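S.K.: Structure, please.
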Amino acid sequence: MATAFFRTIILYLLLIAGLRLTGKRQIGELEPIELVLTMLLSDLASVPMQDFDSPLINGVVPILTLLALTTLLSYISFRSGRFRSLICGEPAIVVRYGKLQQRAMRHNRMTVDELLEELRGQGVTDLKDVQCAVLETSGQVSVLLRSQAQPVTPRQLSLNVTEQLLPVLLINDGRLLRDNMKKMDVDDAWLRQQLKREHLTDPSQVFLLSLDQGGNVICQAKEDV
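M.R.: Residues are numbered from 1 along each chain as shown. Take a look at the predicted model:
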């Protein structure tokens, strides 16, 4: 029992460290190299977790080998555009000025239904509104709308708008984030003042408290307070 427990922890931590090499991507955004790596790692890790007669090193060595190979291929892809095109393919234009590019769709085995589904997912229902749609190497479709179909921007209307500011969490579910307080240059006296405004006495009573560069504060108490 203890053997299974420690084997699982070791392999789990090893896989997490390995997948961090691929960056923060969703499954649908993985490049072919990354997708193959993910599938192989899951199979390799499951064997030593279940087969206690097999030494743990028999599962660790193939995993490390795959991670090293993937790192090497990623570096070569970074240095060589031709190698990257060979391994990952190239983006393909599937819609140009409202017209389907049938040859590109056949080459990538993309049906009309699949393309229309991707366009609907981005709020596009009329092909005539599409200036260019590109099938990326990750399988996602990027859409550029014609000028007359794009949303109007404040610049086009000559409007002066306030820039949106990114709020920084200072309290997260009762936990005081000291590092973020230092970044925002606020102290305990400022915090006590904000809590007093909300009739609160302690950070543990706060579910969320955030502050942006404009001085805007959002404070929400826990439901049981």
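S.K.: now this structure, which segments are flagged as low pLDDT?
M.R.: The model of the chain has pLDDT under 70 over residues 1-4, 18-35, 49-50, 52, 225.
S.K.: ranges for the helices of it?
M.R.: 2-19, 32-50, 57-79, 81-88, 102-107, 112-121, 178-183, 188-197 (DSSP state H).
S.K.: Can you redo those as JSON lines, where the extra columns are mean neighbour count and distance to residue 219?
M.R.: (C-beta placed from N, C-alpha, C; glycine too.) Formatted as JSON lines, these follow (neighbours: other CB atoms under 10 Å; distance: least, CB to CB, whole Å):
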{"stretch": "helix 2-19", "mean neighbour count": "13", "distance to residue 219": "34"}
{"stretch": "helix 32-50", "mean neighbour count": "16", "distance to residue 219": "40"}
{"stretch": "helix 57-79", "mean neighbour count": "14", "distance to residue 219": "44"}
{"stretch": "helix 81-88", "mean neighbour count": "13", "distance to residue 219": "46"}
{"stretch": "helix 102-107", "mean neighbour count": "13", "distance to residue 219": "52"}
{"stretch": "helix 112-121", "mean neighbour count": "14", "distance to residue 219": "36"}
{"stretch": "helix 178-183", "mean neighbour count": "12", "distance to residue 219": "14"}
{"stretch": "helix 188-197", "mean neighbour count": "13", "distance to residue 219": "6"}
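S.K.: can I get these in TSV with distance to residue 221?
M.R.: Shown next, in TSV, are these (distance: least, CB to CB, whole Å):
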stretch	distance to residue 221
helix 2-19	35
helix 32-50	41
helix 57-79	45
helix 81-88	49
helix 102-107	54
helix 112-121	37
helix 178-183	19
helix 188-197	9
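S.K.: Noted, bye for now.
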